[in-house]
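Q: everything below, folded, please.
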Amino acid sequence: MNKKVLVEQQDRVTIITINRPEKHNCIDGETAQLLYEAWGQFRDDDQAKVAILTGSGPSFSSGADLKAIDSLGPQNQYDASFAYDGKGYLGFTRMTDILKPTIAAVNGFCFAGGLEMAAWCDIRIAATNAEFGCLERRWNVPLVDGGTQRIPRIVGWGRGMDLILTGRKIDANTALDWGLVTELADPSNLLNRALELAHQMASYPQGSLRSDKQAAVRGWGLPLEEALRIECQLGMPHTKSEETRQGLNNFINRKG
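A: Down below sits the predicted model:
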């Protein structure tokens with residue numbers, strides 16, 4: 001039996017691949033657990049600097065496996081405590097302690113929970129054949145993997161509500177226009193482009209990169225004065241760090 005989640009290490013970049021192509025990479029309970037474990041391992045691996053999430057075959061993910069819905073979440077439908085213990089239905093979507101950069105390389109279908117997983121990542125790159133949408137709308141399935149919070153933050157309130165409430169599909173060009181993705185790539189070059197960006201970020205000094213990500217995430221939605229205080233608390237220690245001193249020396253002594 002094929003493993004439902006594949007994890008590959010390329011130098012300092014981790015590639016996490018949902019591997020159920022025959023089912024458009026939809027997520028059942030086993031897949032969710034494997035994703036949770038993979039992201040936890042990436043978080044805890046000091047050698048891993050950046051991670052890419054993608055899907056095998058023609059799709060990124062069509063979301064939760066509705067034919068195996070009982071394998072997701074708590075066995076007791078009235079026990080909602082699982083939603084706050086760092087997992088969520090799709091395994092990792094409530095993890096907020098990964099300060100390293102993450103990229104979603106989106107090919108083909110990116111629907112329902114698949115869109116929520118892509119929205120969890122910091123950066124989204126799409127193949128030109130990618131499609132996006134909250135298709136669970138038609139089945140009375142709620143967005144419980146962060147979509148109601150992350151999608152409007154990415155594309156703005158109006159477009160976020162459009163996606164969440166209408167359940168319509170948008171193509172890759174519309175997703176680029178809306179800011180849901182930051183660039184498009186030919187399907188054959190999608191992973192290579194994601195790897196190119198990942199290796200670029202992995203080559204940087206990591207201290208201030210991670211504190212800047214943390215400041216951006218923690219400061220979102222706060223009054224500006226409070227958000228600036230968070231930025232200062234997280235960023236200022238790096239101004240006197242050995243890593244920054246070395247970076248400044250590299251700048252001063254650079255060639256050309």
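
Q: can you give me the domain boundaries for this structure?
A: Domain ranges of the chain: 5-202, 207-252, per automatic domain parsing.

Q: tell me the mean pLDDT over the last one?
A: For domain 207-252, the mean pLDDT works out to 86.

Q: okay, how far is it across it, tip to tip?
A: By CA to CA, to the nearest Å, the extent of domain 207-252 from end to end equals 20 Å.

Q: grab the nearest non-local neighbour of Gly113.
A: Distances taken as CB to CB, 6 or more residues apart in numbering place Gly63 nearest to Gly113, at 3.2 Å, with adjacent residues excluded. Every residue, glycine included, has its C-beta placed from N, CA and C.

Q: give the contact list for Thr31.
A: Lys4, Val5, Ile18, Arg20, Asp65, Gly91 (CB atoms under 8 Å, 6 or more residues apart in numbering).

Q: in the helix or strand containing it, what's buried?
A: Assigned by DSSP states H and E, Thr31 belongs to helix 29-44. Across helix 29-44, burial judged by 16 or more other CB atoms under 10 Å covers Gly29, Glu30, Thr31, Ala32, Gln33, Leu34, Leu35, Tyr36, Ala38, Trp39, Gly40, Phe42.

Q: what's the answer for stretch 219-237, then?
A: Using 16+ other CB under 10 Å as the test for burial, stretch 219-237 gives Gly219, Ala227, Ile230, Glu231, Leu234.

Q: surely the first one and Gln233 touch.
A: What it means is Gly219. No. Using CB atoms under 8 Å, Gly219 is not in contact with Gln233, being 10.5 Å away.
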